[in-house]
Every structure is written in structure tokens, then in C-alpha cells.
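Enquirer: need a structure here:
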Amino acid sequence: GENLFNDMISKKDVLPTYDKPDQGFLNSYFENEYYKLDMKYNVLKRIFVHHKEIWNDIKDDMYCLHFVGKKPWQGGEDDYRHLSKLR
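Expert: Down below sits the predicted model:
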């Protein structure tokens with residue numbers, strides 16, 4: 001809880017980050033605590049375009065659609081608007 005948060009804040013300007021924002025920092029902070037999630041918890045939005053066969057296998061069991069790159073609130077949802085109709 002609070003101790004973890006305070007420790008993270010104390011290291012935010014010290015730990016290396018490969019991409020500057022939060023993900024690089026989190027990767028550095030938790031570098032020895034790696035847990036691979038099942039794909040259904042972090043499905044990349046591009047899967048529908050590039051891997052339709054995988055999409056067909058997981059679309060009914062997915063929990064989170066990860067918008068890599070341009071976010072829907074930045075006008076990046078047009079190519080993926082159809083995904084909400086597939087559930």
C-alpha cells in the first residue's frame with residue numbers, strides 16, 4: 001500500500017526507464033517480479049487485423065483490449081469500432 005507507493009515515488013527520478021513514461025519505470029522497479037498474464041487479460045487491438053485466427057479463438061474470453069499507440073480518446077478508434085459489435 002502506502003509504503004510501496006512512497007518507495008516508488010522516492011525512486012521515480014533514479015531508476016532507468018527505456019521509454020520515459022510509466023511502463024519503463026514499472027519494468028525497472030519490478031524487474032525481478034515478472035508475471036506473465038494470459039493473453040486474454042491484455043489483448044492488443046492489432047490482433048484483429050494481423051491475427052484473425054487468434055482473435056476468433058479468444059474474443060469470447062477476453063477481459064481487456066489494449067489500445068497500443070493512438071488511444072480511442074485521441075481519435076484512434078475508427079479502425080476498431082467494429083470490435084465492440086463482435087462480443
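Enquirer: Could you list the low-pLDDT ranges of the chain?
Expert: 19-20, 76-87 (pLDDT under 70).
Enquirer: at 80 instead, please
Expert: For the chain, applying pLDDT under 80 flags the ranges 17-23, 34-37, 39, 45-49, 52, 55-56, 59, 66-87.
Enquirer: tell me the helices in it, going along the chain?
Expert: For the chain, the helices defined by DSSP state H cover 2-11, 22-29, 47-50, 52-58.
Enquirer: Adding distance to Q74 and mean neighbour count, write these out as CSV.
Expert: Bear in mind the C-beta positions are built from the backbone N, C-alpha and C, glycine included. Compiled in CSV, these are given as follows (distance: least, C-beta to C-beta, whole Å; neighbours: other C-beta atoms under 10 Å):
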stretch, distance to Q74, mean neighbour count
helix 2-11, 27, 10
helix 22-29, 17, 14
helix 47-50, 18, 14
helix 52-58, 23, 12
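Enquirer: Next, format these as TSV and append distance to V68.
Expert: Listed next are the helices of the chain as TSV, based on distance: least, C-beta to C-beta, whole Å:
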stretch	distance to V68
helix 2-11	24
helix 22-29	11
helix 47-50	10
helix 52-58	15
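Enquirer: Which one, of these, ends up nearest to H66?
Expert: Shortest distance between H66 and the helices of the chain, using C-beta to C-beta, is found for helix 47-50: 9.4 Å.
Enquirer: Tell me which other helices or strands the closest one touches.
Expert: helix 52-58 (3 or more C-beta pairs under 8 Å, 6 or more residues apart in numbering; DSSP states H and E).
Enquirer: roughly how far is the helix it packs on from the heart of the chain?
Expert: Here the centre of helix 52-58 is set off from its chain's centre by 18 Å, with C-alpha atoms, centre = their mean, to the nearest Å.
Enquirer: and what of stretch 52-64?
Expert: Here the centre of stretch 52-64 is set off from its chain's centre by 16 Å, with C-alpha atoms, centre = their mean.
Enquirer: Can you measure across that stretch, start residue to end residue?
Expert: 17 Å (C-alpha to C-alpha, to the nearest Å).
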